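> Sequence and predicted structure, then a few things I'm wondering about:
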Amino acid sequence: MKRLFFIIFFLAVFLSPFIVSAAPFAYITNSSSNNVSVIDTSTNTVVATIPVGNGPSGVAVNSAGTRVYVVNTIDDTVSVINTFTNTVIETITVGLGPVGVAVNTAGTKLYVANSISNTVSVVDTSTNTIITNIAVDNTPRGIAINLADTRTYVSNNFSGTVSVIDNTINTVVATVVVGNAPEGLDINPSGTRVYVANTNSNTISVINTSTNLVMVNTTVGTNPKTITVNPAGTRAYVTNNFAGAPGTVSVIDPSTNLVVGLPISVGNGPIGASINPLGTKVYVVNNVSGTVSVIDTITNSVTATIIVGNNPIALGRFIESPSMVISTFPAAGAIRVATGTVIQATFSKDMDASTINTGTFTMSGGVSGTVTYNAVTRTATFSPSSSLAEFTTYTATITTGVKDSLGENMIANFTWSFTTTDTTGSSGSCFIATVAYGSPLDPHVAVLKNFRDKYLLTNPIGKTFCQFYYRYSPPIADAIRQHEALKTVTRWVLLPIIYLIEYPYFLVFIVIVGAGMRIRRKRRA
């Protein structure tokens with residue numbers, strides 16, 4: 001009996017954190033209680049309460065669901081929570097008055113909006129240290145990062161703008177004027193639209209990310225605070241925080257950018273909102289009521305109300321995202337890919353290896369092969385049975401049949417394409433030019449390579465020419481390599497071609513001058 005009791009005690013004490021962490025959770029920041037309520041979304045019950053710093057507001061969960069980052073506005077810090085133990089493992093000092101927080105898809109960087117410093121702190125999550133601070137407009141509050149990890153969008157409350165940050169250089173590259181007092185914002189899954197809640201304008205601004213211009217301003221309820229887009233990108237939910245009255249949630253159809261149906265009544269003072277990985281439930285945080293309303297997205301009705309701490313805020317994505325592909329090899333749109341390459345996709349979280357196979361990871365063109373999954377790197381590999389065809393565009397697809405370790409399917413098929421090169425895989429070689437100029441790094445060779453990549457490999461005729469060139473040019477290059485005189489002659493032949501490629505307007509000038517001289521001769525005759 002003692003042995004049985006010991007085993008039960010061991011399982012309860014030591015393994016319970018890992019068992020608990022098996023379900024999707026919602027992490028609700030309680031600004032007056034100075035803690036975080038952890039909600040099990042499968043049962044809609046609070047299963048833990050985690051003490052953090054003073055005045056917690058913004059919150060972000062990494063894609064793997066292993067870390068939660070909580071902004072403590074009063075302390076000017078970020079608490080890092082280990083989701084397996086539900087404890088704070090580190091505290092990061094950031095700028096003054098931090099509010100919003102977002103973590104990139106790869107889970108490697110954290111972006112914190114500091115409302116008093118008017119900066120965004122960029123944090124390396126491997127060391128929990130600040131990489132840099134980026135100056136933005138006045139009173140930054142909301143923040144969101146696209147799934148490609150290339151852009152971060154920051155709402156500047158006092159300025160009525162959104163700052164667009166290039167994540168590769170950590171610099172603001174555009175500033176978009178939106179409505180009055182923008183607060184929360186979100187991005188659709190494809191990264192083509194940014195939705196901004198303008199609290200004092202009672203509107204949602206929809207930004208086209210290719211132009212960084214506002215496409216439309218949609219009128220919603222009173223004092224919209226935040227907006228969240230579902231994983232499929234087919235619905236967006238806006239929290240309307242009208243003082244002194246029950247709050248509501250407006251539902252927007254992104255295909256028309258119009259409000260659909262009647263507002264959904266929730267608790268008092270709704271602020272944060274987030275959606276479960278399946279997109280079936282919306283969790284709305286009611287600041288005045290101290291509750292979380294759970295909305296069924298099929299019926300657009302509240303099906304549960306969960307009591308949490310005092311004055312909850314939860315600005316940001318407080319539920320972990322669905323499993324997704326975060327990187328590929330070759331990269332999407334890659335050209336000059338060797339025909340003997342293997343195709344790989346890396347996921348955001350641990351996956352069920354039994355669901356990753358030749359039925360769920362496929363290649364176009366009837367390519368067959370074997371599929372494996374590396375649990376350590378979360379990478380699936382498709383190894384073709386034979387070499388891919390030369391100068392051919394292939395599309396790889398990972399279907400919704402793939403599941404994560406919790407049994408949740410991917411919400412949509414993931415596809416990407418790339419183009420192969422010659423059989424030898426000598427994709428970077430311009431054989432004759434390289435021999436003539438002595439190095440593949442020579443600027444003249446670079447001009448020819450760039451012309452090949454941009455203009456020849458992007459159309460059928462150009463691809464045919466490249467295929468012919470790579471098949472017959474190597475022996476010619478070998479012959480040129482053995483004679484300095486031939487190298488000199490080849491450079492003379494290539495130089496005008498390179499010059500015209502680099503300065504195409506010069507060719508136009510020559511044609512105009514030539515035509516003018518010919519007309520002049522005819523007149524004299």
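That came through fine. Numbers count the residues shown, from 1 in each chain.
> how close does the nearest residue to residue 341 once chain neighbours are set aside sit to residue 224?
Of all residues beyond its chain neighbours, the one nearest residue 341 is residue 330 (6.5 Å), with distances taken as Cβ to Cβ, 6 or more residues apart in numbering. C-beta: built from backbone N, CA, C; applies to glycine. Distance from residue 330 to residue 224, counting by Cβ to Cβ, to the nearest Å: 42 Å.
> what about the two, which has more around it?
residue 224 (32 against 21; other Cβ atoms under 10 Å).
> didn't the more buried one look like it was pressed against residue 196?
No: using Cβ atoms under 8 Å, residue 224 is not in contact with residue 196, being 9.4 Å away.
> Am I right that residue 432 is in a helix?
Yes: under DSSP: H, G, I helix; E, B strand; the rest coil, residue 432 sits within a helix.
> Please give me every residue in contact with the closest residue in space to it that isn't next to it in sequence.
Among residues not flanking residue 432 along the chain, residue 477 sits closest, at 5.0 Å (Cβ to Cβ, 6+ apart). The contact partners of residue 477, taken as Cβ atoms under 8 Å, 6 or more residues apart in numbering, are 431, 432, 434, 435.
> Just give me the closest of those to residue 79.
residue 434 (55.3 Å; Cβ to Cβ).
> So that closest one is in contact with residue 445, correct?
Yes: with contact defined as Cβ under 8 Å, residue 434 counts as touching residue 445 (5.6 Å).
> Of those two, which one has the most company?
residue 445 (23 against 20).
> and the residue lying closest to that one once chain neighbours are set aside, how many residues sit next to it?
Spatial nearest neighbour of residue 445, chain neighbours left out: residue 433 (4.8 Å); criterion: Cβ to Cβ, 6+ apart. By other Cβ under 10 Å, the residues close to residue 433 number 23.
> Buried residues, the helix or strand harbouring residue 465. List them.
Assessed by DSSP states H and E, residue 465 sits inside helix 460-481. Buried residues in helix 460-481, defined by neighbour count with 16 or more other Cβ atoms under 10 Å: 462, 463, 466, 469, 470, 473, 474, 477, 480, 481.
> Relative to residue 33, which of the residues you listed is nearest.
When these are compared against residue 33 (criterion: Cβ to Cβ), the nearest one is residue 463, at 63.4 Å.
> Skipping adjacent residues, who's closest to residue 95 in space?
Using Cβ to Cβ, 6+ apart, the nearest residue to residue 95 is residue 114, at 2.9 Å.
> need the contact list for the one you found.
76, 94, 95, 96, 97, 98, 99, 120, 121, 133, 140.
> if we go to 10 Å?
Contact analysis of residue 114 by Cβ atoms under 10 Å, 6 or more residues apart in numbering lists 71, 73, 76, 94-100, 120-121, 133-134, 136, 139-141.
> among these, which ones are buried?
Neighbour-count burial (16+ other Cβ under 10 Å) applied to the contacts of residue 114 gives 71, 73, 76, 94-95, 97-100, 120-121, 133-134, 136, 139-141.
> Wait, residue 204 touches residue 225, no?
No: look at residue 204 against residue 225 with Cβ atoms under 10 Å: they stay out of range, at 11.3 Å.
> Pull the contacting residues for residue 347.
63-64, 323-327, 356, 373, 377-380, 398, 402, 404, 410, 414.
> what separates residue 217 from residue 472, distance-wise?
60 Å.
> picking up where we left off before, so which bits of the helix or strand that comes right after the helix holding residue 465 are buried?
Next helix or strand after helix 460-481 toward the C-terminus (DSSP H and E): helix 484-502. Buried positions in helix 484-502, judged by neighbour count with 16+ other Cβ under 10 Å: 487, 490, 494, 498.
> Now those in TSV, please, with extra columns for distance to residue 361 and pLDDT.
Output for the buried residues of helix 484-502, formatted as TSV (distance: Cβ to Cβ, whole Å; pLDDT from 0 to 100):
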residue	distance to residue 361	pLDDT
487	47	86
490	46	89
494	44	87
498	43	81
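> which among these gets closest to residue 273?
When the buried residues of helix 484-502 are compared against residue 273 (criterion: Cβ to Cβ), the nearest one is residue 498, at 56.8 Å.
> Take the contacts of residue 347 and, keeping just the buried ones, write it as a ChimeraX select command.
The buried subset of the contacts of residue 347, as determined by 16+ other Cβ under 10 Å, is captured in ChimeraX by this line:
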select :63,64,323,324,325,326,327,356,373,378,379,380,398,402,404,410,414
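> ok, which stretches of the stretch 201-350 of the chain are helices?
Counting by DSSP state H, counting those that start in this stretch, the stretch 201-350 of the chain yields no residue ranges for helices.
> what are the ranges of the strands in it?
Applying DSSP state E, counting those that start in this stretch to the stretch 201-350 of the chain gives strands spanning 203-208, 213-219, 224-229, 236-240, 246-253, 258-259, 264-268, 270-275, 281-286, 291-296, 301-307, 325-329, 334-337, 343-347.
> ok, residue 226 touching residue 142?
Yes: counting by Cβ under 10 Å, residue 226 touches residue 142, with 7.2 Å between them.
> which residues are in contact with both of these two?
With Cβ under 10 Å, 6+ apart as the test, residue 226 and residue 142 both reach 100, 183, 184, 185, 186, 197, 315, 316.
> Check the spacing between the last one and residue 110 real quick.
Here the distance between residue 316 and residue 110 works out to 11 Å (Cβ to Cβ).
> now swap in the fourth one and tell me
To residue 110, residue 185 is 17 Å away according to Cβ to Cβ.
> With the second one instead?
From residue 183 over to residue 110 the distance is 20 Å, taken as Cβ to Cβ.
> Please say which of those two ends up with more neighbours.
residue 110 (27 against 24).
> tell me the contacts of that one?
60, 62, 67, 69, 71, 78, 80, 92, 94, 101-104, 121-125, 128, 130-131, 145.
> Name the SS class of the residue positioned nearest the centre of the chain, please.
Residue closest to the average C-alpha location in the chain (Cα atoms, centre = their mean): residue 147, at 1.3 Å. At residue 147, secondary structure determined by three-state DSSP is coil.
> Identify the residues contacting it.
63, 104-105, 187-191, 321, 324-326, 348.
> out of the residues you listed, who's nearest residue 87?
Nearest member of the contacts of residue 147 to residue 87, counting by Cβ to Cβ, is residue 63, at 20.7 Å.
> was I right about residue 322 contacting residue 351?
No: between residue 322 and residue 351 there is no contact under Cβ under 10 Å: 11.8 Å.
> Give the intersection of the neighbour lists for these two.
If you check residue 322 and residue 351 against Cβ under 10 Å, 6+ apart, the residues they both contact are 404, 410.
> Could you check how far the residue nearest to residue 95 is from residue 90?
Distance from residue 114 to residue 90, by Cβ to Cβ: 19 Å.
> The residue nearest to residue 342 when sequence neighbours are not counted in helix, strand or coil?
Once flanking residues are discounted, residue 342 sits nearest to residue 383: 4.9 Å by Cβ to Cβ, 6+ apart. Here residue 383 is recorded as strand under three-state DSSP.
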